[in-house]
Structure formats: C-alpha cells, structure tokens
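[1] Prediction below, plus the sequence it came from.
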Amino acid sequence: MVELEMKEALVGGRVGKIHKIQDKIIRPVNKWTEDIHHFLRFLHEEGADFVPKPHGINENEEEVLSFVPGDVFNSLPEDLLTDTVLISAAKLLLKFHVFSEKYISRLTKNEQWMLPVITPIEVMCHGDFAPYNVTMIGILPLVSLILIHSILVQKCGTSSTQLIVGCPLKPLIKMLYRNK
C-alpha cells in the first residue's frame, strides 16, 4: 500500500503508463526490453552515465529503470531553441553512437528490437532522440532517456533517421562527424 501512495504518474508520452516510485521509473515491458537492458548495462559498464540504469523487471511484469532528475519537454520552449542546446544535444548523441559502436560485436543476431535492423550494422541508434527523451539541466541536454526505439543501422543513416525533431540537420550532421 505504501508503494501506491508514493507512485507518481509522469507526463508526456504513454500517459498513465509510466510512473515514478522514489528513484525508479516503472513502465510497461515490451518484447525488446531484455535486449535494451543488456545494452544499457553495457553502456554503464563502459562508463556511459548518460542513460538510465536498468533494474530489471518487477513482480508486475513492468520494466524498472533509474530515475534521472531534470526537465523533460514534449517540445523545447523558445528559450531553449539555441545553438548551445543544439551543439550539446549533438555531442550527447555522438557520445551515444561512439559507445554503441563498441556494442555491435556483442550482438548475437537473436536480439529483438522495436524497429527493423538496417545492414550493414555499424552503430546502434537511439531511434527517438527528441526533447521528450532527453533530460535537460538548465540549458544542457545531459541524459538520453528512453531507448525503446533503438535501431541498428549504417553510420550514414544515423543523423537523418533520428533527428527529425525540428532542428536544422545540415549543421548538426557536420558537427557530429567533424571531430569524432
């Protein structure tokens, strides 16, 4: 009963299905959850502190992840539509891609993903890198949150398939691959 009293519904996508209990996020399980958790554990083992930690599946068959404090937006407010935010988001996404390249060799080809794999596999994309999946601290996007849309793709497809969220792609693509 104490758990229900502490359960806080989170606003945004999938209203009423994602909750916070203390320092954990509880959300529905999908057929790809186990594989996403393997990837998240790998990222943390490699030192990537910008994704939530997986804590398994609870007794209600729900996914449990660490809560990441900060602000999350369905769309960015006008004062955050700046070059600084765009550059910071691009750097965060590039870090994600660099870490994900290391994971590719661990794949068994038996994994389940929400979206189809695009070959040859060179990088694992977030698949839905948008304001509602990024925690903002002040004006800096610091943490990439939800990974249910992860997809394995070629490098040339990563920026164009992920950043269809209203930001100018040409400067972002140049910056992503300039100083890797």
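    That came through, no problem.

[2] From now on I want contacts and neighbour counts done on CA atoms only, so please keep to that.
    Will do.

[3] And the helices in the protein, which stretches?
    Taking DSSP state H as the criterion, the chain carries its helices at 2-6, 33-45, 83-103, 158-162, 169-178.

[4] rank these by pLDDT, which is bottom?
    Lowest mean pLDDT within those: helix 158-162, a mean of 43.

[5] dump the residue contacts of the nearest residue to residue 58 once chain neighbours are set aside.
    Nearest residue to residue 58, sequence neighbours excluded (Cα to Cα, 6 or more residues apart in numbering): residue 64, at 6.7 Å. Residue 64 makes contacts with 24, 25, 26, 27, 54, 55, 56, 57, 58, as judged by Cα atoms under 8 Å, 6 or more residues apart in numbering.

[6] May I ask which of those residues has the most neighbours?
    residue 26 (25 neighbours; other Cα atoms under 10 Å).

[7] That one contacts residue 9, correct?
    No - counting by Cα atoms under 8 Å, residue 26 stays clear of residue 9, with 9.6 Å between them.

[8] any residues in contact with both of those two?
    Contact with both residue 26 and residue 9 is made by residues 18, 19, 20, according to Cα under 8 Å, 6+ apart.

[9] give me the low-pLDDT residue ranges for the chain?
    Along the chain, the parts satisfying pLDDT under 70 run over 1-5, 11-16, 141-180.

[10] can I see the domain layout of it?
    Domain assignment for the chain, taken from automatic domain parsing, gives 2-66, 78-178.

[11] Those domains: which one's closest to residue 72?
    domain 78-178 (5.1 Å; Cα to Cα).

[12] and the closest residue to residue 7 other than its chain neighbours, how far is that from residue 6?
    The shortest distance from residue 7 to any non-neighbouring residue, by Cα to Cα, 6+ apart, is to residue 21 (4.9 Å). Per Cα to Cα, to the nearest Å, residue 21 is found 6 Å from residue 6.
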